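# here's my sequence, what's the structure:
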Amino acid sequence: MKIAVVILNWNGKVLLQKFLPSVIAYSKEATIYVADNASTDDSIAFILSDFPQVKIIQNKENGGYAKG
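Numbering: from 1, shown residues only. You can find the predicted model right below:
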């Protein structure tokens, strides 16, 4: 069975810094994705440098929760 954890993000670097380590620690068997809704902070750079195992889906525009 495959398991995925998908986190929707928009300018949430502070929240990712706080909670992503726990998500990773407790999701050893899951593939973790961050679906980014066109963030303008450095969320993506943070994930790439600190958590390279996390897969990133970069949306070109912020379509809100439903589209993200």
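# quick check, central residue of this protein?
Centroid-nearest residue in the chain: residue 34, 2.3 Å away (criterion: CA atoms, centre = their mean).
# now the helices for the chain?
All helices of the chain, identified by DSSP state H, fall at 13-25, 43-50, 64-67.
# out of the ones you listed, which one sits most buried?
Scoring the helices of the chain by mean neighbour count under mean count of other CB atoms under 10 Å gives helix 43-50 as the most buried, with a mean of 15. C-beta coordinates here come from the backbone N, C-alpha and C atoms, glycine included.
# helix 13-25 and that one, what's the angle between them?
Angle of helix 43-50 versus helix 13-25, following axes from the mean of the first three to the mean of the last three CA atoms, to 10 degrees, is 40 degrees.
# pull the helix or strand with minimum mean pLDDT from the protein.
One helix or strand of the chain scores below all others by mean pLDDT, DSSP states H and E: helix 64-67, with a mean of 66.
# which residues are in contact with the residue nearest to the centre of the chain?
Residue 34 makes contact with 6-7, 9, 16, 43, 47, 54-57, according to CB atoms under 8 Å, 6 or more residues apart in numbering.
# residue ranges with poor pLDDT in this protein?
65-68 (pLDDT under 70).
# and if we set it to 90?
For the chain, applying pLDDT under 90 flags the ranges 1, 60-68.
# as JSON lines, the helices of the chain with distance to residue 2 would be great.
Output for the helices of the chain, formatted as JSON lines (distance: least, CB to CB, whole Å):
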{"stretch": "helix 13-25", "distance to residue 2": "17"}
{"stretch": "helix 43-50", "distance to residue 2": "21"}
{"stretch": "helix 64-67", "distance to residue 2": "24"}
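# so what sits opposite the residue nearest to the centre of the chain in the bridge?
With DSSP bridges as the criterion, residue 34 is bridged to residue 7, residue 56.
# measure it to residue 9 for me?
With distances taken as CB to CB, to the nearest Å, residue 34 is found 5 Å from residue 9.
# any common contacting residues for these two?
Common neighbours of residue 34 and residue 9 (CB under 8 Å, 6+ apart) are 16, 43.
# from what I see, residue 53 and residue 32 are in contact.
Yes: between residue 53 and residue 32 a contact is recorded at 7.3 Å, counting by CB atoms under 8 Å.
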